[in-house]
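Everything below, folded, please.
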Amino acid sequence: MMRFIFFVMLAGAVLFSSCKTMEPEPDVSLLLTLPEKFSTNTKKDDSPSNSVGKVSGQWWSFLGSDELNNLIDHALTHNFDLKALNARLAQAQANISKADAAFFPSLNFSFGGQKKGTQVKKESSSSSQYDGSHSWDSSLTGSYTLDAWGETKSAEQATVSTYKAVSQDLNTATLELTAKITQIWVDVIAVRNKKQILDQQIKTNNTLLKLLKLRFVNGRATALEVSQQHEALVEANSQVPLLEKQEQILLNALALLSGSTSAGTLSLETTQLPDAALLPKIGIPSDLLENRSDIQAARMRLTSAQWEIKVAKADLLPSFNLTAQALFSSGKLDLLFHNWVASLAASVAGPLFDGGVRRAEIDRVKAVAQEQVNLYAAVVVKAVFEVEDSLISIQKQDEYVWLLEQELAVTKVTLRDARVQYQNGQSSYLNYLIARAGLQRLERQLAGERAIRIQERISLYKALGWDGSLLFWKK
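Predicted structure coming up:
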């Protein structure tokens, strides 16, 4: 009779297991509609026929710098934040292995022995007698819980989704790291350009001061003109420590991101800004769902939360357990496995009353899933606006650089006219000095704005989440 009951329970458990549905909870309604296209266009005709080609490799290869490639390669290997994320990814992988282990039966053993002795003395005149015995015991116990309702499988899927989310977190951190390194590298070049311009300006101002002093000795310049030129030279010299400070701080930042302990380990020789004409194909907003790692990570966390709802619901249903045990006991070790008792049992267990704990857990994980829905929506919307911001920034920065170049050209003409008028005695030296100061200021400013122009494109790559082979067109 017991055997019949056991096999009935086993057959029922298998039947229930075959009827289970292994799908996560359906998505909570995502009240979010993506626009069909980005509102800001950097190009009227974005068709592939107008592209200038494809760049293979990582996104930063469009800058064409081996120095930058080496810097980023070193950072990808030695950056401490990436190492920490790799360790977190290993933890998530271990959690999958732990979840997979629940599909297998557990088997435990124990082995022990004891020695028992008794010393007895019946009379004071008699000698004591010793009575001792040995015993050996061991056991082998196995148990298995059938995944009749898909609870174990759902838990495994939740951990897999979490692993995928962490993997996407690593991709996001990698993209952010490469973008930050590239932007700082451009900043370093811009500062060095400013220093080169400033050095030339200091030489020019110094030469002009010597000429004015000579003219003053010959009575052809005033003391005020000499003082004004000396002031311009001092003002230019005062900018040198600021640029040197900025350069060293930027190099320290690069060393930190590269996983180095000293900026002296960096080898940066580039002094000219790379070409900023290349732009990637923008695509449409819905492309971000596939290209952005942070969006995919948010999606995976939402999927994990939906599987957790399945786990919580399965916890309300009965569980089917199989257990087997073998006990061995003997007074002699060589006879231990000749004396044994074996048992095999099956049981059904389920909650009758828990004060609403399991129902509350279902409500909790549903609320977690709703939270992940809103976080997912927030990441998607943020991604769209990041691209929009990058596009408008590129467009306006390009316009600004072009206008500065026009202003510089006009200032050069003004400087030339001011010099001619001063030499002809038609204008004061102050007018010439103001024109030259304006020209020097514009030259330094333009070097910085051209660097920002490149950095805006880097921000666009980051916002698009693109990597690998990219299609480019010329602005």
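
can you tell me which residues contact Leu198?
By Cβ atoms under 8 Å, 6 or more residues apart in numbering, the residues touching Leu198 are 236, 239-240, 243, 444. For the C-beta atoms, the positions are set from N, CA and C on the backbone; glycine is no exception.

Let me have these in JSON lines, extended by pLDDT, secondary structure and distance to Leu352.
Shown next, in JSON lines, are the contacts of Leu198 (pLDDT from 0 to 100; DSSP: H, G, I helix; E, B strand; the rest coil; distance: Cβ to Cβ, whole Å):
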{"residue": "Ala236", "pLDDT": "90", "secondary structure": "helix", "distance to Leu352": "87"}
{"residue": "Gln239", "pLDDT": "91", "secondary structure": "helix", "distance to Leu352": "81"}
{"residue": "Val240", "pLDDT": "94", "secondary structure": "helix", "distance to Leu352": "82"}
{"residue": "Leu243", "pLDDT": "93", "secondary structure": "helix", "distance to Leu352": "77"}
{"residue": "Arg444", "pLDDT": "91", "secondary structure": "helix", "distance to Leu352": "80"}
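
And those, which of them are buried?
236, 239, 243, 444 (16 or more other Cβ atoms under 10 Å).

Just the CA trace of stretch 246-257, in PDB.
The C-alpha coordinates for stretch 246-257 follow below in PDB (Å, rounded to 0.1, in the frame of the first residue of the first chain):
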ATOM      1  CA  GLN A 246      45.600  72.500 -15.800                       C
ATOM      2  CA  GLU A 247      47.800  70.200 -17.800                       C
ATOM      3  CA  GLN A 248      49.200  68.500 -14.800                       C
ATOM      4  CA  ILE A 249      45.700  67.900 -13.300                       C
ATOM      5  CA  LEU A 250      44.500  66.500 -16.600                       C
ATOM      6  CA  LEU A 251      47.500  64.100 -16.700                       C
ATOM      7  CA  ASN A 252      46.800  63.000 -13.100                       C
ATOM      8  CA  ALA A 253      43.200  62.300 -14.100                       C
ATOM      9  CA  LEU A 254      44.400  60.200 -17.000                       C
ATOM     10  CA  ALA A 255      46.800  58.300 -14.800                       C
ATOM     11  CA  LEU A 256      44.000  57.600 -12.300                       C
ATOM     12  CA  LEU A 257      41.700  56.300 -15.100                       C
END
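
which residue packs closest to the residue nearest to the spatial centre of the chain, ignoring adjacent ones?
When Cα atoms, centre = their mean is applied to the chain, the residue found nearest the centroid is Ala173 (1.7 Å). Leaving aside its sequence neighbours, Ala173 sits nearest to Leu85 (Cβ to Cβ, 6 or more residues apart in numbering; 5.5 Å).

Now for the one you found, how many residues are close by?
Residue neighbour count, defined by other Cβ atoms under 10 Å, stands at 19 for Leu85.

So which residues of the stretch 351-475 of the chain form helices?
357-423, 429-464 (DSSP state H, counting those that start in this stretch).

again with the chain
2-19, 66-78, 80-101, 151-217, 223-257, 288-291, 293-314, 357-423, 429-464 (DSSP state H).

remind me which residues of the stretch 101-250 of the chain are low pLDDT?
122-125, 130-132 (pLDDT under 70).

Burial-wise, tell me which of the helices of the chain comes out on top.
Highest mean neighbour count among the helices of the chain (mean count of other Cβ atoms under 10 Å): helix 293-314, with a mean of 22.

packing partners for that one?
Secondary-structure packing of helix 293-314 (3 or more Cβ pairs under 8 Å, 6 or more residues apart in numbering; DSSP states H and E): helix 151-217, helix 288-291, helix 357-423.

Out of those helices, flag the one nearest Asn79.
Across those, Asn79 has its closest neighbour in helix 151-217 (6.0 Å, Cβ to Cβ).

same question for stretch 387-407, mean pLDDT?
What stretch 387-407 shows for mean pLDDT is 93.

what about Trp185, distance to Asn70?
11 Å (Cβ to Cβ, to the nearest Å).

do Ser135 as well
Distance, Ser135 to Asn70, by Cβ to Cβ: 71 Å.

Kindly report the same for His78.
Taking Cβ to Cβ, one finds His78 at 12 Å from Asn70.

Could you do Asp147 as well?
Distance from Asp147 to Asn70, by Cβ to Cβ: 51 Å.

does the residue nearest to the centre of the chain really touch Phe80, like I thought?
No - between Ala173 and Phe80 there is no contact under Cβ atoms under 8 Å: 11.3 Å.

May I see the buried ones among the contacts of Leu198 organised as a markdown table, with distance to Gln306 added?
Shown next, in a markdown table, are the buried ones among the contacts of Leu198 (distance: Cβ to Cβ, whole Å):
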| residue | distance to Gln306 |
| --- | --- |
| Ala236 | 64 |
| Gln239 | 58 |
| Leu243 | 54 |
| Arg444 | 56 |
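
Right, I'll call it a day here.
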